[in-house]
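Engineer: structure for this input, please:
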Amino acid sequence: MSTFREHFFRKNLFPGLNAVEQTYGKVQQEIEYTIYAELYDLEPLKQAFHVEEHEQWRIPLGIDSNIRARIRAINGREWQLTTKESSDEWVGDRERNTLITKDDFETWKKVGCDGFMKTRHKFRCEGSDLIWEVDVFKDRLTGQSHLWVKMDMEVKDLDQEIPKPPFKVKEFILGDRDGAPLSERVKVRSLWENQWARLDGKDDD
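Structural biologist: Numbers count the residues shown, from 1 in each chain. Sure thing, here's the model as predicted:
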């Protein structure tokens, strides 16, 4: 029987690789898989061992650059500034997270765009130290939780087997990566731009 990871590769889709991540001064290798999944219902998410509320905004830099920036508030008690740098010299992104104050967050927010509120649910994987992070967004039209969610998992290396999610998934795609079918990339773009509720009220970038 094929593994969940093997199914990813059969679809000619690849994980997002953040090659070097600096987390509050500590540099570490990060390999992260991202999938978008449609759930049958949200009831299984109640089994998460940890839940966080996130408010995030992209910071437009105003220049044509390989550096991206965002701010994030976690549970209204922790505020972060994150930068990601891409280059042909390495795989994925070099990511740096910096703790900032609430006042810093509110100042950056004034120039932010692509704002989203999301609820992050964390699930342990039986028999390993891996964790699924499941982000739930609000439906732009109804204000209710959307059944399409974003799921992330960090692994130590590409040979590590990816456990199945701890709940049934109706459909999943990896449509925001190079090599993904056009239909999947269009679906993911629609989620971000039209279906998930945006704090800035915009329908496109």
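
Engineer: where are the low-confidence patches of this protein?
Structural biologist: Along the chain, segments meeting pLDDT under 70 span 1-30, 89-92, 175-178, 201-205.

Engineer: quick one, helices of it?
Structural biologist: In the chain, the helices defined using DSSP state H lie at 4-10, 102-109, 182-190.

Engineer: save these as JSON lines, and put in distance to M153 too.
Structural biologist: To be clear about C-beta, it is placed using only N, CA and C from the backbone, and glycine gets the same treatment. Below are those laid out as JSON lines (distance: least, C-beta to C-beta, whole Å):
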{"stretch": "helix 4-10", "distance to M153": "10"}
{"stretch": "helix 102-109", "distance to M153": "27"}
{"stretch": "helix 182-190", "distance to M153": "17"}
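
Engineer: so for E133, which of these sits nearest?
Structural biologist: Comparing the helices of the chain against E133 with C-beta to C-beta, the closest turns out to be helix 4-10 (15.6 Å).

Engineer: got the contact list for D139?
Structural biologist: D139 is in contact with S145, H146, Q195, W196, A197, counting by C-beta atoms under 8 Å, 6 or more residues apart in numbering.

Engineer: could you identify the most distant pair in these?
Structural biologist: The widest separation within these (C-beta to C-beta) is 12.0 Å, between S145 and Q195.

Engineer: quick one, strands of the protein?
Structural biologist: Secondary structure of the chain, counting by DSSP state E: strands at 16-23, 26-39, 50-59, 67-74, 78-86, 93-100, 113-124, 131-137, 148-155, 169-173.

Engineer: just send these back as a markdown table, with distance to R189 and mean neighbour count too.
Structural biologist: Below are these laid out as a markdown table (distance: least, C-beta to C-beta, whole Å; neighbours: other C-beta atoms under 10 Å):
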| stretch | distance to R189 | mean neighbour count |
| --- | --- | --- |
| strand 16-23 | 16 | 16 |
| strand 26-39 | 11 | 17 |
| strand 50-59 | 15 | 16 |
| strand 67-74 | 17 | 18 |
| strand 78-86 | 19 | 17 |
| strand 93-100 | 20 | 17 |
| strand 113-124 | 12 | 18 |
| strand 131-137 | 14 | 20 |
| strand 148-155 | 12 | 20 |
| strand 169-173 | 12 | 16 |
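
Engineer: could you dump these to CSV with distance to S190?
Structural biologist: Below are these laid out as CSV (distance: least, C-beta to C-beta, whole Å):
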stretch, distance to S190
strand 16-23, 19
strand 26-39, 11
strand 50-59, 18
strand 67-74, 21
strand 78-86, 23
strand 93-100, 24
strand 113-124, 15
strand 131-137, 13
strand 148-155, 9
strand 169-173, 11
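
Engineer: what's the nearest residue to D41 if we skip its chain neighbours?
Structural biologist: Excluding the flanking residues, the one nearest D41 by C-beta to C-beta, 6 or more residues apart in numbering is L147, at 7.4 Å.
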